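> Here you go, sequence then predicted model.
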Amino acid sequence: MTDRPLEGRLILLGVTGSIAAYKAAELLRQLVAAGAEVQVMMSRAATHFIGPLTMETLSGRPVMLDPLELQADRRISHIVAADAADAVLVAPATARWLGAMANGLADDIITATCLATRAPVVVAPAMDGDMYVHPATVGNVARLREFGYTVVDPASGLLASGQVGVGRLVALPLLVEAVAGAIAGRPVREPDPSSRPPRTGATRSADLAGWHIVVSAGGTAEPIDPVRFIGNHSSGRMGFAIAEAALLRGARVTLVKGTTSVAPPEGAVVVEAETAAQMRDAVLAALPGCDALIMAAAVADFRPRTVAPAKLARSEGLRLELEPTADILAEAAALARTADDPARRPLIVGFAAETGSLERAPEKAARKGVDLLVANDVSEPGSGFGTETNRVTLIVPGQPPEPWPPGTKAQVAHDLLDRLLRLRAPGGASLSR
């Protein structure tokens, strides 16, 4: 083979929920090194093993997670990918995915895309040895071969269970070779970039150079006693996606981190702030001189009026008297408007998590004095706390709401940063109310 046997090709990389999913990042790198453009698709289970943000950063394209996702131009994402792909590589492929695909059950993004494409499909199973030799799995693999799929049998070795047997994902160069072999002699299906899945802000990597962006992320924990607190379900994923996107595009980022369930991106200056009071102090301290404040954190609206010095006993019962916390967003927006140079004051972006309706969002944006408010219905599937996707509506005070198409949180982050650049551009918008 040549050094770049996949030059100009679009390869769809499907990652399912095997422990071997951590190898998918290096597999993606090798596909790119072989000349390919790569569009990653991930099952929900796969996101527990490796973050979509990692794969999006390496591929330069939003990770596809849901068969119902639409592109910005309203085309169905997985149909666009299926029609443009030169080959599909599913690696690792779990026993569950093999069974779903063998029976045409399009209940995830990868099976739906494979059903919709005429491109060659290469499958690399990885699982426990007993699972791979089970008659059900053997039958499913045989069925996929009948479809014309190339199945690269797993290797033998030490498995995650501690057993030794057949089930390890094969060496990654063999998978690149298998893909190259599957497309050998075929013309490029869709050389026109507009016919391929869209790229992300990776192509705009330096457009925020010189900016200092402050991002708050996660929830807050308001103590009741030394072991109990009032909190919420915020994971920090949206705020971290914004911080990661800003870093990729050259910005200096201060990340005010509340309670989170995921790791923050490398490269940001992280300030820990677990309570609303700590977050207020951290945000207001970072505000002077920054270019934008993006308050993606879910700050508690109330906290206990008093905190018990010792753990409360169950037998004593519990009655809480709550008091409101500071409105950090409104306070920061008011301070920003006092800047000496209105044209260079910090841009203020708020987030509003609602349930059932976004009717209150425009009034909230006007009342808090923000430049932009990102509102979403957290009760909607794929749009709540802890998900990898989001469906948001952008509120610009004085203008009609702008519903954005659903996408990954990384994609929403890049779109939001694009809007900030437009606000700061000469003639982009008035920044002094």
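Right, received. Where do you want to start?
> Give the buried residues for the longest helix anywhere in the chain.
Counting residues, the longest helix in the chain under DSSP state H turns out to be helix 409-424. By neighbour count with 16 or more other C-beta atoms under 10 Å, helix 409-424 contains the buried residues 409-417, 419-421, 423-424. C-beta coordinates here come from the backbone N, C-alpha and C atoms, glycine included.
> ditto for stretch 231-241
Gly231, Asn232, Ser234, Ser235, Gly236, Arg237, Met238, Gly239, Phe240, Ala241.
> Other residues contacting the longest helix of the chain?
With C-beta atoms under 8 Å, 6 or more residues apart in numbering as the contact definition, helix 409-424 has outside contacts at 52-53, 56-57, 62-63, 200-201, 204, 207-208, 237-238, 241-242, 244-246, 249, 291-292, 294, 347, 349, 371-372, 374, 387-390, 392, 394, 404, 407, 428-429, 431.
> circling back: mind picking the one among the buried residues of helix 409-424 that's closest to Leu10?
Gln411 (18.4 Å; C-beta to C-beta).
> so what pLDDT did that closest one get?
Predicted confidence (pLDDT) for Gln411: 81.
> Kindly report the same for Pro405.
The predicted local confidence for Pro405 is 81.
> so it makes contact with Ile76?
No - distance between Pro405 and Ile76: 11.0 Å, which falls outside the contact criterion (C-beta atoms under 8 Å).
> ok, back up a step: let's have the buried residues of helix 409-424 in TSV, adding distance to Ala217.
Putting those into TSV (distance: C-beta to C-beta, whole Å) gives the following:
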residue	distance to Ala217
Lys409	11
Ala410	14
Gln411	17
Val412	14
Ala413	11
His414	16
Asp415	18
Leu416	14
Leu417	15
Arg419	19
Leu420	17
Leu421	21
Leu423	21
Arg424	22
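> which of the residues in whichever strand or helix holds Ala82 are buried?
Under the criterion of DSSP states H and E, Ala82 resides in helix 77-84. With burial defined by 16+ other C-beta under 10 Å, the residues of helix 77-84 counted as buried are Ser77, His78, Val80, Ala81, Ala82, Asp83, Ala84.
> got it, and stretch 300-319?
Of the residues in stretch 300-319, Ala300, Arg303, Pro304 count as buried by neighbour count, 16+ other C-beta under 10 Å.
> what about it, how long is it end to end?
18 Å (C-alpha to C-alpha, to the nearest Å).
> ok, and what's touching that stretch?
219-228, 230-232, 275-276, 320-325.
> ok, now stretch 253-264?
Taking C-beta under 8 Å, 6+ apart as the rule, stretch 253-264 contacts 51, 212-221, 231, 234-237, 239-240, 243, 246-247, 265, 267-274, 279, 282-283, 286, 290, 297-299, 386.
> ok, Val90 touching Val121?
Yes - the pair Val90 / Val121 is scored as a contact, 7.0 Å apart, by C-beta under 8 Å.
> care to break this protein down by domain?
Annotated domains of the chain cover 10-195, 201-424 [automatic domain parsing].
> Would you mind confirming that Leu373 makes contact with Glu363?
No - Leu373 is beyond contact range of Glu363, at 10.1 Å (criterion: C-beta under 8 Å).
> neighbour-wise, which of the two wins?
In this view Leu373 and Glu363 are compared by other C-beta atoms under 10 Å, and Leu373 has more residues nearby, 26 against 11.
> Report the secondary structure element holding the more buried one.
Here Leu373 is assigned to strand 372-377, by DSSP H and E.
> ditto for Val166
Assigned by DSSP H and E, Val166 falls in strand 164-168.
> Give the next helix or strand downstream of that strand.
helix 172-183.
> The strand or helix carrying Ala241 - contacts with which helices or strands?
Here Ala241 sits within helix 237-248, counting by DSSP H and E. If contacts are counted by 3 or more C-beta pairs under 8 Å, 6 or more residues apart in numbering; DSSP states H and E, helix 237-248 sits against helix 52-59, strand 212-217, strand 252-257, helix 409-424.
> how about 6 Å then?
strand 212-217, strand 252-257, helix 409-424 (3 or more C-beta pairs under 6 Å, 6 or more residues apart in numbering; DSSP states H and E).
> Pipe those into a markdown table and attach distance to Ala34 per row.
Below are the helices and strands packed on helix 237-248 laid out as a markdown table (distance: least, C-beta to C-beta, whole Å):
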| stretch | distance to Ala34 |
| --- | --- |
| strand 212-217 | 35 |
| strand 252-257 | 33 |
| helix 409-424 | 24 |
